[in-house]
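Visitor: structure here, sequence nowhere to be found:
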């Protein structure tokens, strides 16, 4: 088994306890997370040799981020240390009709201000099997966009499979810039993962007959989206998660996978949400695990959806579940009966 | 814009954490609240010049109540300081079939023992635009009943719009006494707000075809209630909130408004409850905001219902939401999607 | 009124806070509980003269278990002090599709290593009216099996009514051993309580047309189970709880009672779960209360089901509810409206 | 061994966490305590048959007070249930030069409004060996003063030893009233316990050459105080605790005992304070234990001082220590070495 | 009484609970504070008409900072809203030989990036009596340095008394730059406050015979420092706090004041530290209060030292004490006896 | 640099929060620790390639122990997984005259029941530089004693330096058995570390003129102890920590080192204790770091004492300090001044 490398930002997440609002808080829960770090932790949980690549300050907040990754089995030896800040996001949990709220304070983080020479991709990809990142990484700064492009090129050269989660963030860049930068990068990718609105936001590929706010999503519309992504970038797989947002407390959750020949549709789960942050990342990690472990395409998809269904019941960004737990759900036991 | 004055009691609320019962508790969460104080905070949140009038002891518990009001932007300069106690209520959160439980320990509070000379209503209403109180205030003591009557008379004289939330509390007074005292006071009011059972409890005006315990409420029945209130007291507006109590965890929520000519019915929300205390107060505050800000009657009602829907998702008595948040829900986005 | 004696193990329960997983926890909530102790607390809550019999170490952890029982009114004067350990169970709360998880660390506890001479059953049953235990007690060790047999014999001799909750625990013994040991003990019992799978696991009596994981339970199937238990052991009552496990957050809950002549079926509740541990125990206690207080069989059953419905809304093992609360629900008010 | 009866008020204590001030608090720690209840808990800890007599409301806050007493082994079967309020005191912990601060909210409590007929002293003292109360109880209300007088007379008649801790509280009554009421009651007492200023505040008996605020206390002065108390009231024992208040964090602590013939002076401890509330009560309880257990007078005094020294290291009002722990300290091991 | 205006940065302070280190933390305590904000809160506590001037983002973290100021009575109506970040500092509490540790993450805060046109000093100083800031404000950015210079000039012109706490921060600027910028600004000041090393760090004026690390401070040395500051800048008052750092748990604390004619030396306190952050600020606020309230110079100094002594016993940045508490200590009662 | 291998038990530590006693606790703080694990974490902190060898169950409590080690940089790849229990110890923090209290529940842990074949010492010591264990490991069980003997022999054979901390635990074995077993094992050791009473408890070598309970320790006495240990076992180094137990809050702390030629005495620290558990282990780790990093003997000793001085200020078993922090203290800055 080779290295599974992810690259991106890990942030300090500060969250009011329970359902408190920011303005009521006398304490913030402290966890660390970020799209690619979340994927790394999941892969380590599934027994992969997971490496997270980023840049983090030497001080104790930077060290705490490293420690959280180590705690869950991620190899942190490829992390560059330096810079001033760990990016921060404040996260207030919603309920019922009140949405969760995120305030980003991530500008000027060590990774956003990283330079090309901070990473030696050739060395990083030595012995690697898979490389994953999300659309957030190139959005952090122009430097990061360049570094990401360099990374995917190096990965391709090293024969590493490359997956990207489009993960559009409107606070980081415009639709126009995202389309331009990602258009270049995705050319070097094998697998694209997207949520129900990413393809439209990044590449202007809209799913027909779909209204995300009301929770109405059309399978047919998303099939066309997948086909167009394949056509445009020569991909091997496109996976799309389909979140039905009934309220901040209840979501429907399913996904589809296209392998350029066939469309696979997953089971659909009705979820009472504990913490939905990292839901998409946990899907990505599940899919990477499934595709790289010799599962059938349908099974890989079901594994990814079951894994991310479970993520919604877990506090924090990381999806702290085992292969056994995912497989029990994937095989049909959603009864929630006590495991004694 | 003139002053928005509210008058009543602010209590210390002591609540077991999470779903703990009183007898299990080693810590009580501490917040401050009360019908009129809750309205004042909402009005301050909506940018109104909100004043809360009460009497509070000089000691640190009294000061803490003042501080919480100031924190959320309420002007406390009209509060009389003196007396011995801050009224207390103990509040245990229910779940599913187990109801929330409130134990009052509010007798002998500073406001309940306040005297007429503690308040100079002429000065208080200088430059005022709106005066609001609830049926709890006159129920606190005979003194309070007299002071309230004095207040509404002074308000009328000063040309201030007066609203009252009937808010019947059976532990404070009997139906008979409530009817007698409130019957006198409501004559000076322009707007009456009531929940699904107040009109019956205070004035013996019962909504037909309605069973509150089972959650069945009849629109037609409540229309007649509203009409009779208007007829009896010469009001400009009657608003009635319609709570469908399915369980301590799930409620239906809507309201109606009657402007002596037309009946308006709001959207209806299915709510997963975080904390329903203050739900009615948040409706009242929303309605006052709507009616005093030039909204149409339908919009004022929708604003009030959306605001109070959101209150049910917020811990504590105060409805800590912004105009933007209320308007987003009022305009139809109840998807609870993360606001990044 | 005579003594209501229960016999078994009380454990230290260590639980992550909220929905945290074990691996995320920096604190564990501390409560004490166990099948028979839970019944004892309920009986004390209902005004019975409840005694809990066990063996507990003299150190502070043992003392803390004693203290928790005393706190809720259980008489602990019959507890033998000695031995080394208090049994422990770690309990992680599930949500939605993620099941709750229990890790037992109860081997070598003081009660598991207790000897016959630690208990003088003749004295214990002096003035007793009822004796209750569960299938967990004889499963703790061979000694415990012998002691339990001795206890039921002594109870019979003293004219005490004996009830048993089958409570099969696969981590403690095999189906085979359970069947053999319990087969001997149940002969001395008057009342058998079982959940939807106990009769099958202990005595191989399977309910037809039932799939527990999917939540589909057949009334007819369980009637046959009850009949067969009566036939085999000469019982006076068989009660079976019927849990429909939709998810870790939502369950259906009802029960049936057979008095050798008639079958009684209870109301059915849809429950949003706060903590389901002790649900079966609270049913047993409710039934004992009902049957020993002169209620009709239907009422006794409804009392038991309403009591255990409420248990699911309460944190910890103990069902901290009053007779009034149970009766309010039993009589039909499941509205969860605030009790002021 | 006979019953050890104490009579007084148990209050709900609400305290900011750690060193937080009232105005900073979002949570209050919840414990229950009061002079005589604290003594009852200590006596139960020392194996005495301790009964606490008071009046408490039937609601859950009243029940919680009962539960806390039961938890620590106090017999609560003589408590009268009824009335509206549990007395409350708010308690902010001091540090260094900042003193602890107590805000009382105890007026109108169930015990303060109790009536003579709420207590049947003849029955209460059946089989009793010792009766203890403090100067707080008669100070609660005129009724309470009368009830206390009735109690001491009944105790005397029943041949019960009576001890009183003078415990002057200036917020409850004036020096004049205290002197008059206590002057009558103390005539029926055998043992008087006082702190370094009580005798002066209640009976005007001042210790010479002593300045309490600066921490300078004179042994000779207190000897004269003890002698005068004996002369005036015909006592068998007078015990005086001598607190040297260096700061809110550090106190010197010792005591003296006079048995009408000899003066005994205890060891002196330098204490780093965790929680000094209940320090005097723990001394009283230790002394009662010592005097009633056949210790020498010197040993009884040392036991009392060691017990109360330990109290200063324990959170809450109750002195949760065992005989073994007190004796270890009393015999000289103040090293604080880990007990493994 | 005129306005008391302070100008500077208020930061979000994130602190491990208790004595936890950063790397152990799962929660951070949340308070808001900063040199000038701390002074504003103290002045409001002392009944002054306190205004805090800064720039804060519109989002909820910015709003929370505003709310904390309002809560404690500071007028926030002069705060400019805008910009992206609230400055953050992470603060780990030390104990014994382990020092407290602060990690700043304040670059790019709204105030650091504020522009001249964000503040209209003429309006701000209308009706003002006093202006206070610290050496941190001009150190935040070149813009801030310019704005501060503009502010002191406007203050002078408006006849407002100006005080500055030198407050050197080596992470914000070099000794050289500090000297140059502050040299210009201090010319417009009336009162300079400094700690035991500021004068050396900012202006190179070293106290002789002093070793700060070992805790040895020389009065004579500091007198010369004060004289030189007066000579160089034409000041009316120089105050110097003298901290003796024995350990992170224990400090000696005193101060001196020079009014260009006489030197005043304060009492000295031995403090067991709860939280020493804001110690200097609380001294400054006490001094401003003393000097502006007609106290004698000696009294003003004693008030300032007593106030800041108390600050060391209070959690958070703000010195939440009343005039009465400061005066009690200042008049000699440091006994820490419970205030009932 | 080679591997630094430690071998022993890592336990789950459950501790009341703050100064609460066991019987008051509703929550236990959760950390993991144990003599050798503590040393491993320290060594990882100091940049060593630290491996911890033990046996741990596969369940989540076992995994949590692994995770805590990984979090702080310890390599856990040599840990054998299996067995049923993680050993537990309950730890109540003392204060002033009240000692800390430890209740062990470690019997039958996975490591105590481990078998020889669970560890392949030849592989383990491949590339190793140092092996460390404590007297607790062989005390766990006869198996563990054998395994430890096997380990030290294998270490010797592999040319690895072996250090042992005598760490006598009277609850695990008798003085006699300890002497016999350790007498065999220590023959293979190069370095012996002991506290002020270990040598006496294990080998009957008593320090003269020393009374540990009163805190009086004699240097001369300990020199003789060291000499005798060297004589008896042919050691290269003997280090003895000298704790002066004034109270549970205040200790004196120093140590001595003997290199068979010279005696070195360290600086002495007066410590205000936050958490003294792991104090000895942190000394051991500091000494190993010092001796293996080319420090002079005096420096190695000072490093060890400074490191363990700091440990007393840190919550939990692990000494979470950096080389820089230890060196700052070792070089003389014990001022506790804030590090900004």
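Guide: Yep, that arrived. Treat the numbers as computed from the prediction; the structure is a model and nothing was measured.

Visitor: so the closest residue to chain B within the stretch 101-250 of chain A: helix, strand or coil?
Guide: Of all residues in the stretch 101-250 of chain A, residue A:248 sits closest to chain B, at 2.9 Å by Cβ to the nearest Cβ. Every residue, glycine included, has its C-beta placed from N, CA and C. Using DSSP: H, G, I helix; E, B strand; the rest coil, the structure places residue A:248 in coil.

Visitor: let me see the contact set for the residue in the stretch 51-200 of chain A that chain F sits nearest to.
Guide: Evaluated by Cβ to the nearest Cβ, the stretch 51-200 of chain A has residue A:71 as its residue closest to chain F, separated by 3.8 Å. By Cβ atoms under 8 Å, 6 or more residues apart in numbering or on different chains, residue A:71 lies in contact with F:67, F:68, F:70, F:71.

Visitor: are stretch A:74-88 and chain F in contact anywhere?
Guide: No: shown here: stretch A:74-88 not in contact with chain F (Cβ under 8 Å from any Cβ of the partner chain), separated by at least 9.2 Å.

Visitor: start to end distance for that stretch?
Guide: The first and final residues of stretch A:74-88 sit 21 Å from each other (Cα to Cα, to the nearest Å).

Visitor: pLDDT averaged over it - what is it?
Guide: Here stretch A:74-88 scores 98 as its mean pLDDT.

Visitor: buried sites along it?
Guide: Neighbour-count burial for stretch A:74-88 flags A:74-76, A:78-81, A:83-88 (criterion: 16 or more other Cβ atoms under 10 Å in any protein chain shown).

Visitor: and these, which is closest to chain C?
Guide: Lowest distance from chain C to the buried residues of stretch A:74-88 (Cβ to the nearest Cβ) belongs to residue A:74, with 13.9 Å.

Visitor: could the contacts of residue A:71 go into JSON lines alongside secondary structure?
Guide: Shown next, in JSON lines, are the contacts of residue A:71 (three-state DSSP):
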{"residue": "F:67", "secondary structure": "helix"}
{"residue": "F:68", "secondary structure": "helix"}
{"residue": "F:70", "secondary structure": "helix"}
{"residue": "F:71", "secondary structure": "helix"}
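
Visitor: out of these, grab the one that's most surrounded.
Guide: residue F:68 (25 neighbours; other Cβ atoms under 10 Å in any protein chain shown).

Visitor: skip the chain neighbours and tell me the closest residue to that residue.
Guide: Take residue F:68 and drop its neighbours on the chain: the residue closest to it by Cβ to Cβ, 6 or more residues apart in numbering or on different chains is residue F:32, 4.4 Å away.

Visitor: can you check residue A:216 too?
Guide: residue A:210 (6.4 Å).

Visitor: so what's the residue count around the one you found?
Guide: Residue A:210: 20 surrounding residues under other Cβ under 10 Å.

Visitor: over to residue A:214?
Guide: 14.

Visitor: cool, residue A:159 as well?
Guide: 10.

Visitor: give me the number of residues near the residue in the stretch 51-200 of chain A that chain C sits nearest to?
Guide: Across the stretch 51-200 of chain A, the shortest distance to chain C (Cβ to the nearest Cβ) belongs to residue A:72, at 7.9 Å. Residue A:72 has 21 neighbouring residues, counting by other Cβ under 10 Å.

Visitor: now the residue nearest the centre of chain A: phi and psi?
Guide: Nearest residue to the geometric centre of chain A (Cα atoms, centre = their mean): residue A:281, 2.7 Å. Residue A:281 has phi and psi values of phi -60, psi -40 when expressed as degrees, to the nearest 10.

Visitor: which residues touch the closest residue to it other than its chain neighbours?
Guide: Of all residues not flanking residue A:281 in the chain, residue A:38 sits nearest, at 3.7 Å (Cβ to Cβ, 6+ apart). By Cβ under 8 Å, 6+ apart, the residues touching residue A:38 are A:278, A:281, A:282, A:285, A:317, A:318, A:319.

Visitor: the stretch 201-340 of chain A: helices as residue ranges?
Guide: Ranges of helices in the stretch 201-340 of chain A, per DSSP state H, counting those that start in this stretch, are A:219-233, A:279-292, A:297-311, A:323-330.

Visitor: separation between residue A:255 and residue A:282?
Guide: Residue A:255 sits 11 Å away from residue A:282, going by Cβ to Cβ, to the nearest Å.

Visitor: neighbour-wise, which of those two wins?
Guide: Neighbours were counted for residue A:255 and for residue A:282 using other Cβ under 10 Å; residue A:282 has more, 31 against 27.

Visitor: enumerate every residue touching the more buried one.
Guide: Applying Cβ under 8 Å, 6+ apart, one finds that residue A:282 lies in contact with A:38, A:42, A:307, A:308, A:310, A:311, A:319.

Visitor: and which of those is nearest to residue E:331?
Guide: Proximity of these to residue E:331 (Cβ to Cβ) peaks at residue A:38, which lies at 59.3 Å.

Visitor: can I assume that closest one sits in a helix?
Guide: Yes: using three-state DSSP, the assignment for residue A:38 is a helix.

Visitor: any idea how far it is from chain C?
Guide: Counting by Cβ to the nearest Cβ, to the nearest Å, the separation of residue A:38 from chain C is 14 Å.

Visitor: of the contacts of residue A:38, which is the most crowded?
Guide: residue A:285 leads the contacts of residue A:38 on contacts (other Cβ under 10 Å) with 36 neighbours.

Visitor: who does the strand or helix carrying residue A:162 pair up with?
Guide: In the assignment (DSSP states H and E), residue A:162 maps to strand A:161-165. Looking at strand A:161-165 with DSSP bridges, its partner strands are strand A:128-134 (parallel), strand A:191-194 (parallel).

Visitor: mean confidence for the longest one?
Guide: Looking back up the chat, that one is strand A:128-134. On average, strand A:128-134 scores 98.

Visitor: can you check the last one too?
Guide: Averaged across strand A:191-194, the pLDDT comes to 97.

Visitor: stretch A:37-53 too?
Guide: Taken as a whole, stretch A:37-53 has a mean pLDDT of 98.

Visitor: ok, stretch A:99-106 next?
Guide: 97.

Visitor: which other residues reach that stretch?
Guide: Contact with stretch A:99-106 is made by A:9, A:11, A:22, A:87-94, A:112, A:140, A:171, A:248, A:276-277, B:335-340, E:59-61, E:84-85, E:88, as judged by Cβ under 8 Å, 6+ apart.

Visitor: same question, stretch A:185-192
Guide: Contacts for stretch A:185-192 (Cβ under 8 Å, 6+ apart): A:138, A:145, A:148-149, A:152-153, A:155-156, A:161-166, A:229, A:233-239, A:287-288, A:291.

Visitor: on that earlier part again, contact partners for the residue nearest to residue A:216?
Guide: For residue A:210, the contacting residues are A:196, A:216, A:217, A:218, A:221, A:222, by Cβ under 8 Å, 6+ apart.

Visitor: would you say the first one is within a strand?
Guide: This means residue A:196. No: counting by three-state DSSP, residue A:196 is not part of a strand but coil.

Visitor: state the distance from it to residue E:50.
Guide: Taking Cβ to Cβ, one finds residue A:196 at 51 Å from residue E:50.

Visitor: those two: who's more crowded?
Guide: Using other Cβ under 10 Å, the more surrounded residue of residue A:196 and residue E:50 is residue E:50, with 27 against 21.

Visitor: and the residue of the stretch 151-300 of chain A closest to chain F?
Guide: Residue of the stretch 151-300 of chain A nearest chain F, by Cβ to the nearest Cβ: residue A:274 (17.6 Å).

Visitor: which residues touch the spatially closest residue to residue A:60 that is not a sequence neighbour?
Guide: In this structure, residue A:60 finds its nearest non-sequential neighbour in residue E:22, 3.9 Å apart by Cβ to Cβ, 6+ apart. Contacts of residue E:22 were listed using Cβ under 8 Å, 6+ apart, and they are A:60, A:61, A:63, A:64, E:16, E:90, E:92, E:101, E:103.

Visitor: number of residues surrounding the third one?
Guide: Same thing as residue A:63. 18.

Visitor: identify the spatial nearest neighbour of it, chain neighbours not counted.
Guide: residue E:23 (6.0 Å).
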